[in-house]
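A.B. asks: Quick check, what structure comes out for this input:
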Amino acid sequence: MSALIDVAKKLIKAWEQKDESTLRACLHDDYSFKGPMMEMKSADEAVAFMNTCPFEFTNEHCEVMVEGKTLVHIFDWKVTAPFQATIPMVEVMEFEGEKVKRARLFFDSALFPAEIKAKMLSEQAA
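C.D. replies: Presented below is the predicted three-dimensional model:
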């Protein structure tokens with residue numbers, strides 16, 4: 001159980017710091033992600049998104065719960081650029097071994113500025 005928490009913490013920091021090698025090391029080759037405004041179907045897509053991610057942020061008030069090979073991360077996503085907001089989120093990570101194989105992210109997309117939300121949705125559709 002603590003190994004999964006350690007991997008999740010590394011993954012969370014990798015996203016915050018845009019650390020490609022750590023991100024890739026935490027993700028299963030068959031990684032998939034689904035959220036309200038985007039979807040990724042591989043570790044390569046996750047790395048590509050991270051490298052072009054326009055957001056500067058930290059995760060605050062983090063809570064983690066583990067049940068078997070599923071980890072739930074509850075946190076406040078504090079965005080500092082290109083807009084400022086604190087958005088409550090929940091991410092459910094499913095592990096295979098000690099790598100994240102599948103992740104689902106839940107949040108209220110109405111908390112994003114309309115122009116950023118529209119841009120993300122149009123890029124995802126392309």
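A.B. asks: Send me the helix ranked longest in the chain as CSV with only the CA atoms.
C.D. replies: Scanning the chain for the longest helix, with DSSP state H as the assignment, gives helix 2-17. Only the C-alpha atoms of helix 2-17 are listed here, as CSV (Å, rounded to 0.1, in the frame of the first residue of the first chain):
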residue,chain,number,x,y,z
SER,A,2,2.7,2.5,0.9
ALA,A,3,4.5,1.7,-2.4
LEU,A,4,1.4,2.9,-4.3
ILE,A,5,1.3,6.1,-2.2
ASP,A,6,5.0,6.7,-3.0
VAL,A,7,4.4,6.3,-6.7
ALA,A,8,1.3,8.6,-6.6
LYS,A,9,3.4,11.3,-4.8
LYS,A,10,6.1,11.1,-7.4
LEU,A,11,3.6,11.3,-10.2
ILE,A,12,1.9,14.3,-8.6
LYS,A,13,5.2,16.1,-8.2
ALA,A,14,6.2,15.2,-11.8
TRP,A,15,3.1,16.9,-13.1
GLU,A,16,3.7,20.0,-10.9
GLN,A,17,7.4,20.2,-12.0
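A.B. asks: distance of Ile74 from Ile12?
C.D. replies: Plainly put, Ile74 is 12 Å away from Ile12 if you go by CB to CB, to the nearest Å. No exception for glycine: its C-beta is placed from N, CA and C like everyone else's.
A.B. asks: overlap in contacts of the two?
C.D. replies: Common neighbours of Ile74 and Ile12 (criterion: CB atoms under 8 Å, 6 or more residues apart in numbering): Cys62.
A.B. asks: Now do the same contact list for Val92.
C.D. replies: Residues in contact with Val92 (CB under 8 Å, 6+ apart) are Thr70, Leu71, Val72, His73, Ala103, Arg104, Phe106.
A.B. asks: so the fifth one is in which element?
C.D. replies: Translated: Ala103. Here Ala103, judged by DSSP states H and E, is contained in strand 99-106.
A.B. asks: Now do the buried residues in that strand.
C.D. replies: Residues Lys99, Val100, Lys101, Arg102, Ala103, Leu105 are the ones in strand 99-106 that count as buried (16 or more other CB atoms under 10 Å).
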